[in-house]
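Undergrad: Dropping the sequence and predicted coords here.
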There are 2 protein chains.
Amino acid sequence: MTQGKGGRYHHGDLRAALIDTAIELIAEQGVRSFSLAEASRRLGVSVSAPYAHFVDRDELLAAVAVQAYELFYAELVPQLSQFQTPADRLAAVARAYVRFAGVHRPLFEMLFEAGLDKSRHPELEAAEKPIDNAFLSCVRALPDPGETTSEDLARAIEATAHGYTMLLLDGSFGQPHEAVELAAERAARASLALVESRHLLSRPSVG
Amino acid sequence: MTQGKGGRYHHGDLRAALIDTAIELIAEQGVRSFSLAEASRRLGVSVSAPYAHFVDRDELLAAVAVQAYELFYAELVPQLSQFQTPADRLAAVARAYVRFAGVHRPLFEMLFEAGLDKSRHPELEAAEKPIDNAFLSCVRALPDPGETTSEDLARAIEATAHGYTMLLLDGSFGQPHEAVELAAERAARASLALVESRHLLSRPSVG
DNA sequence: GTCTATACCCGGATAGAC
DNA sequence: GTCTATCCGGGTATAGAC
């Protein structure tokens, strides 16, 4: 899909092709079992070829993760303009969060299971930030912020969306496609509940 | 710790020793890199010895996971009797949930990252259930259940606790020990907020 | 129940030719 | 930039002796 000539990548964009193939393989077998060797095999290049473009396996995985974050964010964005109130937008973003994980499961898993060292791959933090900001900007648009900081409420909602996502991926909502919608809907509702009782987020939890 | 004689396990309880050693190794290096070979080395037995007690690597890991669930549950239980109201107990359980993950991080991670096939290891589901029940029994003790089912509210709180836990382990709350308490406290407060607005969990999230 | 030995497969990574 | 060839390490699992 990226080379010009025959079956070889002599003059093609092997770097991009490796990223695409890595996504394919991760989607098929998960990050755990991903290897440069297999990616090379699938592309019909030698096992040493990737090292001309990535210093090691982790650098390729980091590039994949960045792309995954971008896709993730791209699927959250449309929700922001589709609802009127900030609260509804928050619910929609939470719903989209869970949906993304359900639809692009291996991609989502790799973001959290690849075991990439973020200090060695600073691009990852940058790629992740827009997602945090999607929640945060909605929270900031709420009237009456109350005592709770925007960051805390945004984090509560993101945590909840993330938590539902994990339960979904773990099978707690069953296997079929309806499970995705079910979990997504629950996350959306919980988000509304957190918004409603956000004043409690900044108080001692027990008397 | 389980054998009687010298450095060999000829007459010791190798099975139990393997589980203990696995926990050690997982605590040191995470599940990812755990191998039967290394566990054998550390115990001073041959690499083939474990196969007399476990059919394969996964069966040992499953046994470890069961033990991890038991410890997890054991740390939640004391919270149940320490607070008066059901809501406070829910907050306390959520707090303890996050704390467990913070204190026994590798153990917690293995429960969700080991990649164990639950259909092949039914013991896992059974070992997990008491934790779900800890949340559920508190919810059931709430006055005025409202329209939302107990299961839904319990799951919302567990999802939130789980989500905060993931953010904590991912470094979103910083590195030091205070991060654990911070995340745990946020989870506790969010639980109270969900209890307070639980009526919203059973309604459509957008009009 | 544990040993030794072995067969097997896999991955990461490098050197040097083209 | 890609190849071939190779080294090195690791893990899983089995066979057969004790």
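TA: Cool, got the structure.

Undergrad: Show me the helices in chain A, by range?
TA: A:14-29, A:36-43, A:57-80, A:86-103, A:105-113, A:123-140, A:150-169, A:177-196 (DSSP state H).

Undergrad: what about the worst-scoring helix or strand of chain A on mean pLDDT, distance to the chain center?
TA: Lowest by mean pLDDT, DSSP states H and E among the helices and strands of chain A is helix A:105-113, with a mean of 93. Taking Cα atoms, centre = their mean, to the nearest Å, one finds the center of helix A:105-113 at 7 Å from the center of the full chain.

Undergrad: Report the angle between it and helix A:57-80.
TA: With axes from the mean of the first three to the mean of the last three Cα atoms, to 10 degrees applied, the angle from helix A:105-113 to helix A:57-80 works out at 110 degrees.

Undergrad: Pipe the helices of chain A into a markdown table and attach distance to A:Tyr51 and mean neighbour count per row.
TA: In this view, the C-beta of every residue, glycine as well, is placed from N, C-alpha and C. Converted to a markdown table, these look like this (distance: least, Cβ to Cβ, whole Å; neighbours: other Cβ atoms under 10 Å in any protein chain shown):
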| stretch | distance to A:Tyr51 | mean neighbour count |
| --- | --- | --- |
| helix A:14-29 | 11 | 18 |
| helix A:36-43 | 8 | 17 |
| helix A:57-80 | 10 | 18 |
| helix A:86-103 | 32 | 24 |
| helix A:105-113 | 21 | 20 |
| helix A:123-140 | 20 | 18 |
| helix A:150-169 | 33 | 25 |
| helix A:177-196 | 38 | 23 |
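
Undergrad: Just give me the lowest mean pLDDT stretch among the ones you listed.
TA: Lowest mean pLDDT of these: helix A:105-113, a mean of 93.

Undergrad: so what does it touch, helix or strand wise?
TA: Contact here means 3 or more Cβ pairs under 8 Å, 6 or more residues apart in numbering or on different chains; DSSP states H and E; on that basis helix A:105-113 packs against helix A:14-29, helix A:57-80, helix A:150-169.

Undergrad: can you do 6 Å?
TA: Here helix A:105-113 touches helix A:14-29, helix A:57-80, going by 3 or more Cβ pairs under 6 Å, 6 or more residues apart in numbering or on different chains; DSSP states H and E.

Undergrad: Of those, which is nearest B:Leu201?
TA: Of all those, helix A:57-80 sits nearest to B:Leu201, with 20.2 Å by Cβ to Cβ.

Undergrad: contact partners of that closest one?
TA: A:19, A:22-23, A:36, A:54, A:89, A:92-93, A:96, A:100, A:107, A:111, A:114, A:116, A:121, A:123-124, A:127-128, A:130-131, A:134 (Cβ atoms under 6 Å, 6 or more residues apart in numbering or on different chains).

Undergrad: near DNA strand D at all, stretch A:12-23?
TA: Yes - contact of stretch A:12-23 with DNA strand D (Cβ under 7 Å from any atom of the strand) involves A:12, A:14.

Undergrad: how far is that stretch from where the chain is centred?
TA: How far stretch A:12-23 lies from its chain's middle: 20 Å, per Cα atoms, centre = their mean.

Undergrad: what's that stretch in contact with?
TA: Here stretch A:12-23 makes contact (Cβ under 6 Å, 6+ apart) with A:2-3, A:39, A:42-43, A:50, A:53, A:60, A:63-64.

Undergrad: Show me which residues of chain A sit near DNA strand C.
TA: By Cβ under 7 Å from any atom of the strand, the residues of chain A that approach DNA strand C are A:35-38, A:47-48, A:51, A:56-57.

Undergrad: Where does chain A get nearest to chain B, which residue?
TA: Residue nearest to chain B within chain A: A:Gly163 (2.9 Å; Cβ to the nearest Cβ).
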